[in-house]
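Asks: sharing a model that was predicted from the sequence below.
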Amino acid sequence: MEDLILRLQDLRYLDRSDTKQSPGTPGCFLKAYEECDGQRIYYKLSNYDSYRGIFGHECVNELIVSRLLEIMQIEHLHYQLIHAKVRIDNKEMETYITRTENFRRKNERKMPFDVFYDLHKLEQESPLELFVRMGWEAYVYQMLAVDYLICNRDRHGANIEILIDEDGKARPAPLFDQGLSLLFSSYGDLECIRKYDVMEDKAVNNFIGARSAEYNLRFIPKEKRWFEGILKERDRDRLLGGLDGVLYPAHLDKIWEMIGKRWERYAEVCCEERILRG
């Protein structure tokens with residue numbers, strides 16, 4: 001599936017009564033879905049309020065992180081970024097919107113991890129310890145590494161889902177909802193982008209681990225690699241290709257600087273391979 005559609009699409013029909021709001025940090029992110037050939041398709045906007053309209057670039061972040069996870073060879077929800085016309089509150093706007101497919105199998109139901117934890121934890125068992133006990137250690141260490149690389153601020157208990165089939169067998173859902181990351185809150189302000197400290201250890205809303213993405217690297221065991229892919233210099237085009245007209249060049253440069261420098265730091269702390277030249 002092509003992950004970036006720059007030709008303007010008409011998605012005004014998605015403005016209907018089943019549009020949902022999900023709280024963010026701050027504001028809200030409008031969601032809608034449709035059924036297509038028996039498959040549920042989800043759409044999500046960047047930040048929105050009735051005064052400013054659509055603002056921010058969380059949808060673009062979702063695409064960039066999806067591409068990064070491809071490079072790292074980590075299972076994740078695949079995002080498609082679409083240039084679209086939408087209608088909200090009887091107003092038409094031109095924006096970018098993400099499109100994703102349902103990751104649940106037909107016989108599965110989903111449960112937020114914070115709820116799953118309350119139901120299944122042992123006495124004094126932390127969320128991280130429960131993940132390891134369930135045999136999901138690769139998943140949780142991959143998640144902590146990725147969230148550090150992208151400075152994800154919003155890995156709360158409902159942004160980790162557990163999928164449970166009709167026999168009660170559980171598995172963690174592919175990684176999803178990584179929009180509040182990278183240069184979130186810069187809102188295209190060039191001066192803010194220029195001054196942005198890509199290594200700043202911002203407070204994160206984590207249900208697993210601590211409120212520091214940097215500190216959370218300490219939870220990752222060093223005795224093995226937890227994913228196969230390695231970031232390389234030539235991956236810049238793979239990561240950011242096609243986005244020149246979507247974000248400012250300075251913004252794209254800063255994103256690459258952030259991911260590259262954080263990869264080097266991750267490699268230092270977790271004994272991982274550094275960025276390969278070429």
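Replies: It's in. For clarity, every value in this text was computed on a predicted model and none was experimentally measured.
Asks: strands of the stretch 151-278 of the chain, start to end?
Replies: Counting by DSSP state E, counting those that start in this stretch, the stretch 151-278 of the chain has these strands, from start to end: 161-164, 170-172.
Asks: paired strands for the first one, with orientation please.
Replies: Take DSSP bridges as the rule and strand 161-164 pairs in its sheet with strand 109-112 (antiparallel), strand 170-172 (antiparallel).
Asks: so of the ones you listed, which one's packed in deepest?
Replies: strand 170-172 (a mean of 17; mean count of other C-beta atoms under 10 Å). (Glycine included, C-beta is placed from N, CA and C.)
Asks: re the thing from before, redo the strands of the stretch 151-278 of the chain as a markdown table? Include mean pLDDT.
Replies: What follows is the strands of the stretch 151-278 of the chain, written out as a markdown table (pLDDT from 0 to 100):
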| stretch | mean pLDDT |
| --- | --- |
| strand 161-164 | 98 |
| strand 170-172 | 98 |
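Asks: now distance to E273 too, for these, in JSON lines please.
Replies: JSON lines is the format used below for the strands of the stretch 151-278 of the chain (distance: least, C-beta to C-beta, whole Å):
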{"stretch": "strand 161-164", "distance to E273": "30"}
{"stretch": "strand 170-172", "distance to E273": "25"}
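Asks: what pLDDT does E272 get?
Replies: On pLDDT, E272 comes in at 76.
Asks: that one - how many residues pack around it?
Replies: 18 (other C-beta atoms under 10 Å).
Asks: over to it: give its phi and psi.
Replies: Here is the backbone geometry of E272 (degrees, to the nearest 10): phi -100, psi 160.
Asks: go ahead and confirm it touches F227.
Replies: No. Between E272 and F227 there is no contact under C-beta atoms under 8 Å: 9.2 Å.
Asks: out of the strands of the stretch 151-278 of the chain, flag the one nearest Q39.
Replies: Closest to Q39 of the strands of the stretch 151-278 of the chain is strand 161-164 (C-beta to C-beta; 16.3 Å).
Asks: one step back: quick one: which of the strands of the stretch 151-278 of the chain is nearest L77?
Replies: strand 161-164 (10.1 Å).
Asks: that closest one: how far from the chain's middle?
Replies: The chain centre lies 17 Å from the centre of strand 161-164; the measure is C-alpha atoms, centre = their mean, to the nearest Å.
Asks: given the helix or strand hosting T98, what are its sheet partners and their directions?
Replies: Secondary structure assignment for T98, by DSSP states H and E: strand 91-101. Strand 91-101 has its sheet partners listed here by DSSP bridges as strand 39-49 (antiparallel), strand 80-88 (antiparallel).
Asks: which one of these has the lowest average pLDDT?
Replies: strand 39-49 (a mean of 88).
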